[in-house]
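Visitor: next one to model:
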Amino acid sequence: MTSSLILALGADHGGVALKNRLAVALVEAGHEVRDYGTDSPVSVDYPDFAQAVCAAVEEKKADFGILVCGSGIGMSIAANRHGGIRCGLVHDVTTARLTRAHNDANVLALGARIIGEEVALDILSVFLTTEFEGGRHQRRLAKLNQNTEPTS
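Guide: Sure, this is the predicted structure:
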């Protein structure tokens with residue numbers, strides 16, 4: 001993967017097993033993992049875990065966030081309600097690369113029931129090692145950032 005990072009991880013009951021597997025791989029790669037739960041397959045509400053991970057990223061307590069639920073959809077919706085978050089729902093290495101290179105995503109959402117463990121590990125590696133390209137994409141991010149500022 002890349003040089004040592006601080007990563008905030010969160011999952012609901014549908015994503016806990018994959019989250020735990022990703023955490024092991026991240027620690028083995030030399031990264032610091034901050035696990036915001038859940039730690040059980042007992043039903044929980046995904047917005048609670050998305051909130052905790054996104055707050056860590058917004059407050060610069062983590063370099064990136066990783067969210068896992070059954071489909072990834074709920075987590076990505078919850079994450080993108082935060083003004084400082086750009087969360088990409090990713091299903092393969094191409095979308096992992098593009099969400100970083102073109103969108104400067106700072107949170108990755110994965111669907112544990114959609115992708116397998118090996119694909120998730122490949123996605124994670126590409127997400128963490130791809131740099132934002134800037135250029136024409138910077139102009140578009142600036143427009144996104146305008147839309148996240150509070151209105152009176």
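Visitor: strands of this structure, start to end?
Guide: The residue ranges that make up the strands of the chain, judged by DSSP state E, are 6-11, 32-35, 64-69, 87-89, 107-111.
Visitor: need the ones you listed in CSV with mean pLDDT and mean neighbour count, can you?
Guide: (Glycine included, C-beta is placed from N, CA and C.) Converted to CSV, those look like this (pLDDT from 0 to 100; neighbours: other C-beta atoms under 10 Å):
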stretch, mean pLDDT, mean neighbour count
strand 6-11, 98, 26
strand 32-35, 98, 16
strand 64-69, 98, 28
strand 87-89, 98, 25
strand 107-111, 98, 28
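Visitor: now these in JSON lines, with distance to A23?
Guide: As requested, the strands of the chain are exported to JSON lines (distance: least, C-beta to C-beta, whole Å):
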{"stretch": "strand 6-11", "distance to A23": "6"}
{"stretch": "strand 32-35", "distance to A23": "5"}
{"stretch": "strand 64-69", "distance to A23": "9"}
{"stretch": "strand 87-89", "distance to A23": "19"}
{"stretch": "strand 107-111", "distance to A23": "13"}
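Visitor: closest to Q146 out of those strands?
Guide: strand 87-89 (18.3 Å; C-beta to C-beta).
Visitor: what comes into contact with that closest one?
Guide: The contact list for strand 87-89, computed with C-beta atoms under 8 Å, 6 or more residues apart in numbering, reads 54, 65, 67, 72-73, 75-76, 79-80, 95-96, 99-100, 103, 105-111.
Visitor: hmm, which helix or strand of this structure has the shakiest average pLDDT?
Guide: Of all the helices and strands that make up the chain, helix 136-146 has the lowest average by mean pLDDT, DSSP states H and E, namely a mean of 79.
Visitor: so which elements touch that helix?
Guide: Using 3 or more C-beta pairs under 8 Å, 6 or more residues apart in numbering; DSSP states H and E as the contact criterion, helix 136-146 has no neighbours among helices and strands.
Visitor: follow-up on the earlier one: out of the strands of the chain, flag the one nearest R21.
Guide: Of these, the one closest to R21 (C-beta to C-beta) turns out to be strand 64-69, at 9.6 Å.
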